[in-house]
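Peer 1: structure of the sequence below:
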Amino acid sequence: MSEQPDNVLRIYLHELAEKDAAVITRVINFSSAQGKPYVLHANPAESHILVVTGDTPVRTQNPIPIIRIHHQVLAPHELLLAPPLLVTRVMRIIDEAALRLKAPIASPAPVTTNPPPTSPASATLNAPDKKPDTVLPKPETIAPAPSIEPIRPPSSAEIVSPNPTIPSDKASDSPPALPPPVAPTAPSKTNAPLALIIDDSLAIRTQLAIELRNMNIACEQAETGEQGLALLEQKNYHMIFLDIIMPGMDGYEVCKQIRQRPATRKTPIVMLSGKDTPLDEVKGILAGATTYLTKPVNPERLQQTIGRIARWIAEFS
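Peer 2: Sure, this is the predicted structure:
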């Protein structure tokens, strides 16, 4: 096993569902890229934060942060992460777990667990109603962890690449200021693709920003249709993600206005909506949308959609 710096926070995922583990892994990798001391670790005996699911019982000699994916906590010192897992919710709960480590980061002592049944037959006949408890002895202090930077709300045109700031779930009381005017610029093959996200949901904007960044696509964000149209006056984008239900102008009207502009007449537009009826999809297509995704956005389908758009841009732009 390779040596890791003493000031990292080792996070162990204990028997999580594949989908939940994938979400948490993306968040940890994203946070690590921003300078936070988070790293996945394969050995629970050397980890500082445990993530468990369901009613998996865990006992510790000296309580360490335990994040439980469940609808209720089973011990006072646990942190509840209610399903379904949202990116911003996972970010917040991991930051909170890190803040609970007020003592300097430690190298935990070995973990001991109850022995399993000696044979398949005895396991079938004598298996207990609950899983064996995990016992974590008190760790030894060796080095302090870096402080966790406070989370700030995003601006209306927050750029995510290559080191974006993680936004919080709380929206500002006043509308964010529009970015300063800049001369219109056309996308170039030599530049990384640039996307515009127009959505009033911070969770959706953050999820899209992470997925886009993982595909080397930069993005800017707007919380309303009016802000999105203002950004389109300043520059061109390779693709646009557009929510339907927003304060003020809805997505259908925004899409129609985008298509009326010569510079954006052929720009791919992905409509986003919590409704999945055929009528809603037809209305989006009639307004000028290229394709349609339902919320919450499925990461696999989102990646496939972005991949198709990126191939179209490479071939025809």
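Peer 1: C-alpha from now on. contacts and neighbour counts both.
Peer 2: OK.
Peer 1: list the contacts of the longest helix seen in the chain.
Peer 2: If you go by DSSP state H, the chain has its longest helix at helix 299-316. Under the contact criterion CA atoms under 8 Å, 6 or more residues apart in numbering, helix 299-316 has outside partners 189, 211, 238-239, 268, 293.
Peer 1: now stretch 247-259
Peer 2: Residues contacting stretch 247-259 (CA under 8 Å, 6+ apart): 200, 224-226, 229, 242-245, 264-266, 269, 271, 283-284, 287-289.
Peer 1: again, 10 Å this time
Peer 2: For stretch 247-259, the surrounding residues in contact (CA atoms under 10 Å, 6 or more residues apart in numbering) are 198-200, 223-226, 228-229, 232, 240-245, 260, 264-267, 269-273, 283-289.
Peer 1: for it, output the C-alpha coordinates as PDB.
Peer 2: Coordinates of each C-alpha in stretch 247-259 appear next as PDB, following Å, rounded to 0.1, in the frame of the first residue of the first chain:
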ATOM      1  CA  PRO A 247     -39.000  32.000 -12.000                       C
ATOM      2  CA  GLY A 248     -40.000  34.600 -14.600                       C
ATOM      3  CA  MET A 249     -39.600  33.400 -18.200                       C
ATOM      4  CA  ASP A 250     -40.100  29.700 -18.600                       C
ATOM      5  CA  GLY A 251     -37.800  27.400 -20.600                       C
ATOM      6  CA  TYR A 252     -40.100  27.100 -23.600                       C
ATOM      7  CA  GLU A 253     -40.000  30.900 -24.100                       C
ATOM      8  CA  VAL A 254     -36.200  31.100 -23.500                       C
ATOM      9  CA  CYS A 255     -35.700  28.300 -26.100                       C
ATOM     10  CA  LYS A 256     -37.800  30.100 -28.700                       C
ATOM     11  CA  GLN A 257     -35.800  33.300 -28.200                       C
ATOM     12  CA  ILE A 258     -32.500  31.400 -28.400                       C
ATOM     13  CA  ARG A 259     -33.700  29.900 -31.800                       C
END
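Peer 1: okay, buried residues for that stretch please.
Peer 2: Going by neighbour count (16 or more other CA atoms under 10 Å), the buried part of stretch 247-259 is 250-252, 254-256, 258-259.
Peer 1: quick check, nearest of the residues you listed to Lys36?
Peer 2: Among the buried residues of stretch 247-259, Gly251 lies closest to Lys36 (CA to CA), at 35.8 Å.
Peer 1: what is the neighbour count of Ala209?
Peer 2: Residues lying near Ala209 (other CA atoms under 10 Å) number 25.
Peer 1: remind me which residues of the stretch 201-317 of the chain are low pLDDT?
Peer 2: 316-317 (pLDDT under 70).
Peer 1: now the strands for it?
Peer 2: 218-222, 239-243, 269-273, 291-294 (DSSP state E, counting those that start in this stretch).
Peer 1: the shortest one pairs with which strands, and in what direction?
Peer 2: Using DSSP bridges, the strands paired with strand 291-294 in its sheet are strand 269-273 (parallel).
Peer 1: next, the angle from the strand it pairs with to strand 239-243.
Peer 2: Counting by axes from the mean of the first three to the mean of the last three CA atoms, to 10 degrees, strand 269-273 points 20 degrees away from the direction of strand 239-243.
Peer 1: re earlier: helices - which of the contacts of stretch 247-259 land there?
Peer 2: Using DSSP H, those in helices are 225-226, 228-229, 232, 260, 283-287.
Peer 1: can I get the buried part of those residues as one ChimeraX selection?
Peer 2: Buried members of the ones in helices among the contacts of stretch 247-259, defined by 16+ other CA under 10 Å, are picked up in ChimeraX with:
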select :225,226,228,229,232,284,285,287
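Peer 1: and the ones in helices among the contacts of stretch 247-259, which two are furthest apart?
Peer 2: By the measure CA to CA, Leu232 and Lys283 form the most distant pair in these, at 22.5 Å.
Peer 1: give me every residue that touches Glu211.
Peer 2: Counted by CA under 10 Å, 6+ apart, Glu211 has contacts 26, 217, 299-300, 302-303, 306.
Peer 1: list buried residues within these.
Peer 2: By neighbour count, with 16+ other CA under 10 Å, the contacts of Glu211 hold 217, 302-303, 306 as buried.
Peer 1: any idea how far Ala263 is from the residue nearest to Ala192 when sequence neighbours are not counted?
Peer 2: Closest residue to Ala192 apart from its sequence neighbours, by CA to CA, 6 or more residues apart in numbering: Ile217 at 6.1 Å. Using CA to CA, to the nearest Å, one obtains 20 Å as the distance from Ile217 to Ala263.
Peer 1: ok, of the contacts of helix 299-316, which come out buried?
Peer 2: Buried members of the contacts of helix 299-316, counted by 16+ other CA under 10 Å: 211, 238-239, 268, 293.
Peer 1: let's have these in a markdown table, adding distance to Ser31.
Peer 2: Below are those laid out as a markdown table (distance: CA to CA, whole Å):
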| residue | distance to Ser31 |
| --- | --- |
| Glu211 | 14 |
| His238 | 26 |
| Met239 | 25 |
| Pro268 | 30 |
| Leu293 | 26 |
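Peer 1: brilliant, that's me finished.
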